[in-house]
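**Student:** please find the sequence and the predicted model below.
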Amino acid sequence: MIVFRDPSEVPADFGRTAVAIGKFDGVHAGHRAVIERLKADAAASSARVVAVTFDRNPLALLRPELCPENLTTLERKLELLGELGIDATLVLTFDEALAAVAAEDFVKDILVGSLRVSTVLVGSDFRFGHRGAGTPELLRALGPSYGFTVDVVEDVFIEESERRASSSWIREMLAAGDVRAAADVLERPVDVRGEVVHGQKRGRELGFPTANLSETVNVLVPADGVYAGWLVDHDTGLRHPAAISVGTNPTFDDVLVRQVEAHVIDEHALDLYGHDVTVEFTERLRGMVAFEGIDALMAQMAADVVATRALLTGEVRT
């Protein structure tokens with residue numbers, strides 16, 4: 001997948017395009033349905049498949065007090081979009097200048113001028129342009145003049161649920177620690193990525209060494225608690241079963257920021273310092289609690305490892 005960081009980077013001979021516009025935060029089931037529909041539209045008109053997104057949530061500029069945490073970093077979003085088999089993504093820098101662009105100018109200059117759009121695909125609640133004046137209805141009105149059609153995609157509902165797939169719903173589930181349900185809407189595991197850094201080595205002293213992730217910036221981490229999951233080592237390509245802790249470890253009073261720590265099961269001598277890893281969350285085992293003494297904590301950690309091993313073994317068998 002080609003990534004354009006500015007409309008001026010799109011080559012003049014790139015050809016006609018079928019375009020979907022959105023934040024694509026999390027690239028969840030709803031977004032994936034949009035992309036599949038877009039690919040079908042593109043095939044019908046022999047156009048290239050292009051997603052148009054932003055380098056940040058527009059609310060970060062327009063209403064920062066209302067802006068939620070991102071489900072993924074921009075680079076992870078681009079990686080996920082690329083996995084869906086599209087031809088290109090145009091990443092627009094959402095700054096004061098872009099926020100001031102009138103809706104029709106957005107269509108004329110970016111969609112038509114740079115992308116030579118033949119089909120625009122949006123959700124029914126999509127808004128664009130200065131003060132959100134652009135709507136699907138405006139796109140339909142402008143289409144005949146600029147030579148493109150408009151396809152409006154209805155909401156995608158998850159099986160056995162009355163709620164539509166949305167980034168806000170996923171945030172609710174992560175806030176509750178329900179990573180399994182969130183994975184159903186994402187159509188992939190909940191994950192965070194970072195470099196393994198040196199911590200206080202308390203886990204090692206207790207017999208449960210952990211890989212501590214560097215502080216994850218601009219990504220929503222699931223609720224505090226202990227989870228079963230996997231650690232994917234991008235340096236070696238290996239995937240390890242892991243018991244994962246999220247939080248400040250309230251048994252001690254010297255951890256000031258939330259941490260993501262993964263204890264790789266049955267690999268006590270594994271050296272992961274400096275490695276680029278992804279931690280995938282499969283199931284929440286329990287909340288984060290303060291224990292009365294080290295012995296009680298160690299007993300619970302041992303139980304967490306047993307529960308994680310059993311859960312992940314069952315997952316592999318199915």
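**Tutor:** Thanks, I have it. Everything quoted here is computed from the prediction, not taken from an experiment.
**Student:** correct me, but residue 57 touches residue 25?
**Tutor:** Yes: look at residue 57 against residue 25 with Cβ atoms under 8 Å: they come within range, at 6.9 Å. Glycine gets a C-beta too; all of them are placed from N, C-alpha and C.
**Student:** so what sits against both of the two?
**Tutor:** Common neighbours of residue 57 and residue 25, using Cβ atoms under 8 Å, 6 or more residues apart in numbering, are residue 70.
**Student:** helices along the stretch 201-318 of the chain, start to end?
**Tutor:** Secondary structure of the stretch 201-318 of the chain by DSSP state H, counting those that start in this stretch: the helices cover 202-205, 294-317.
**Student:** lowest mean pLDDT across those, which one is that?
**Tutor:** Ranked by mean pLDDT, these end with helix 202-205 at the bottom, a mean of 56.
**Student:** which among the helices of the stretch 201-318 of the chain is found nearest to residue 225?
**Tutor:** Judged by Cβ to Cβ, the one of the helices of the stretch 201-318 of the chain that comes nearest to residue 225 is helix 294-317, at 10.3 Å.
**Student:** ok, and for the closest one, which residues are buried?
**Tutor:** Residues of helix 294-317 classed as buried by neighbour count (16 or more other Cβ atoms under 10 Å): 297, 300-301, 304-305, 307-308, 311-312.
**Student:** show me where pLDDT drops low in the stretch 151-300 of the chain?
**Tutor:** For the stretch 151-300 of the chain, the stretches with pLDDT under 70 are 199-207, 216-218, 250-256, 293.
**Student:** could I get the helices of the stretch 201-318 of the chain in TSV, plus columns for distance to residue 142?
**Tutor:** Formatted as TSV, the helices of the stretch 201-318 of the chain follow (distance: least, Cβ to Cβ, whole Å):
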stretch	distance to residue 142
helix 202-205	59
helix 294-317	49
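**Student:** part of a strand, is residue 19?
**Tutor:** Yes: applying DSSP: H, G, I helix; E, B strand; the rest coil, one finds residue 19 inside a strand.
**Student:** OK, contacts around it?
**Tutor:** 38, 50-52, 111, 115, 117, 119-121.
**Student:** could you pull out the strands for this protein?
**Tutor:** Ranges of strands within the chain are 2-4, 17-21, 48-54, 88-92, 117-123, 149-153, 190-197, 211-213, 225-233, 239-247, 259-264, 276-286, based on DSSP state E.
**Student:** deepest of the ones you listed, which one?
**Tutor:** Most buried of these by mean neighbour count (mean count of other Cβ atoms under 10 Å) is strand 17-21; its value is a mean of 27.
**Student:** what's the angle from that one to strand 88-92?
**Tutor:** 50 degrees (axes from the mean of the first three to the mean of the last three Cα atoms, to 10 degrees).
**Student:** tilt between strand 17-21 and strand 149-153?
**Tutor:** Using the same axes, to 10 degrees, strand 17-21 lies at 40 degrees relative to strand 149-153.
**Student:** now strand 17-21 and strand 48-54, what's the angle there?
**Tutor:** Strand 17-21 runs at 30 degrees relative to strand 48-54, counting by the same axes, to 10 degrees.
**Student:** around residue 8, how many other residues sit close by?
**Tutor:** As a burial measure, residue 8 scores 7 neighbours (other Cβ atoms under 10 Å).
**Student:** separation between it and residue 60?
**Tutor:** In this view, residue 8 and residue 60 are 23 Å apart by Cβ to Cβ, to the nearest Å.
**Student:** how about residue 234?
**Tutor:** Per Cβ to Cβ, residue 234 is found 28 Å from residue 60.
**Student:** higher neighbour count, the two?
**Tutor:** Neighbours per residue (other Cβ under 10 Å) separate residue 234 from residue 60, with residue 60 holding more: 16 against 11.
**Student:** buried ones in stretch 6-15?
**Tutor:** Buried residues in stretch 6-15 (16+ other Cβ under 10 Å): 10, 14.
**Student:** now the terminal residues of it, how far apart.
**Tutor:** 17 Å (Cα to Cα, to the nearest Å).
**Student:** more crowded one of residue 57 and residue 25?
**Tutor:** Taking neighbours as other Cβ under 10 Å, residue 57 and residue 25 compare with residue 25 leading, 23 against 20.
**Student:** now the more buried one: how far from residue 96?
**Tutor:** Plainly put, residue 25 is 22 Å away from residue 96 if you go by Cβ to Cβ.
**Student:** the stretch 1-150 of the chain: helices as residue ranges?
**Tutor:** 29-45, 59-62, 74-83, 96-99, 103-105, 136-146.
**Student:** just give the nearest non-adjacent residue to residue 123, would you?
**Tutor:** Leaving out its chain neighbours, the residue that sits closest to residue 123 by Cβ to Cβ, 6 or more residues apart in numbering is residue 153, at 5.7 Å.
**Student:** any figure for the gap between that neighbour and residue 136?
**Tutor:** From residue 153 to residue 136 the distance is 10 Å (Cβ to Cβ).
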